[in-house]
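In: Sequence below, structure please.
(one chain, ligands or ions: 1)
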Amino acid sequence: MSFPGGTELLLVLAVVMLLFGAKKVPELARSMGRAGKEFKSGLKEGEVQAAIEGPCPFCKTEIPVESQFCPGCAKSADEVVQARALAASEIKS
Ligand SMILES: [Zn+2]
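Out: Purely as a prediction, here's the structure:
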């Protein structure tokens, strides 16, 4: 045998197909890829959602969840978050 590695790979593939079924292997790979992608975008969405969703502190425009800036006055997410934190601390004192 000149390629023992190739034979081993075929054996592993055969075992995987026996365990999950030949039709399910591409399905499994696809769902695994999709899960990873959704996990990443979920993390990203969570950050933006917590940071900027809601009324703008500058122009009172309702900012959509996925926005990176205010659609009303074009302030960045950072500016919106800072202005909100400032307003919150002013209310407390
Ligand atoms: Zn605004």
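In: okay, the residue positioned nearest the centre of the chain: pLDDT?
Out: Geometric centre of the chain, nearest residue: residue 41, 1.4 Å, by C-alpha atoms, centre = their mean. Looking at residue 41, its pLDDT is 76.
In: again, but for residue 74
Out: 95.
In: Next, count neighbours for it.
Out: By the measure other C-beta atoms under 10 Å, the count of residues near residue 74 is 11. Glycine gets a C-beta too; all of them are placed from N, C-alpha and C.
In: Residues of the chain that sit close to the ion?
Out: The chain comes close to the ion at residues 56, 58-59, 61, 70, 72-73, as judged by C-beta under 5 Å from the ion.
In: Sort out which of those residues are buried, if you could.
Out: For the residues of the chain next to the ion, a neighbour count by 16 or more other C-beta atoms under 10 Å gives the buried set as 56, 70.
In: which of the residues of the chain next to the ion lies closest to residue 20?
Out: residue 70 (48.3 Å; C-beta to C-beta).
In: Please tell me I have it right and the closest one contacts residue 55.
Out: No. If you go by C-beta atoms under 8 Å, residue 70 and residue 55 don't touch, sitting 9.6 Å apart.
In: Pipe the residues of the chain next to the ion into a markdown table and attach secondary structure per row.
Out: Formatted as a markdown table, the residues of the chain next to the ion follow (DSSP: H, G, I helix; E, B strand; the rest coil):
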| residue | secondary structure |
| --- | --- |
| 56 | coil |
| 58 | coil |
| 59 | coil |
| 61 | coil |
| 70 | coil |
| 72 | coil |
| 73 | coil |
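In: Just give the nearest non-adjacent residue to residue 20, would you?
Out: With C-beta to C-beta, 6 or more residues apart in numbering as the criterion, residue 20 has its nearest non-adjacent residue at 5.9 Å, and that residue is residue 28.
In: Next one, pLDDT for the one you found please.
Out: The model's pLDDT for residue 28 equals 79.
In: Thanks a lot, see you next time.
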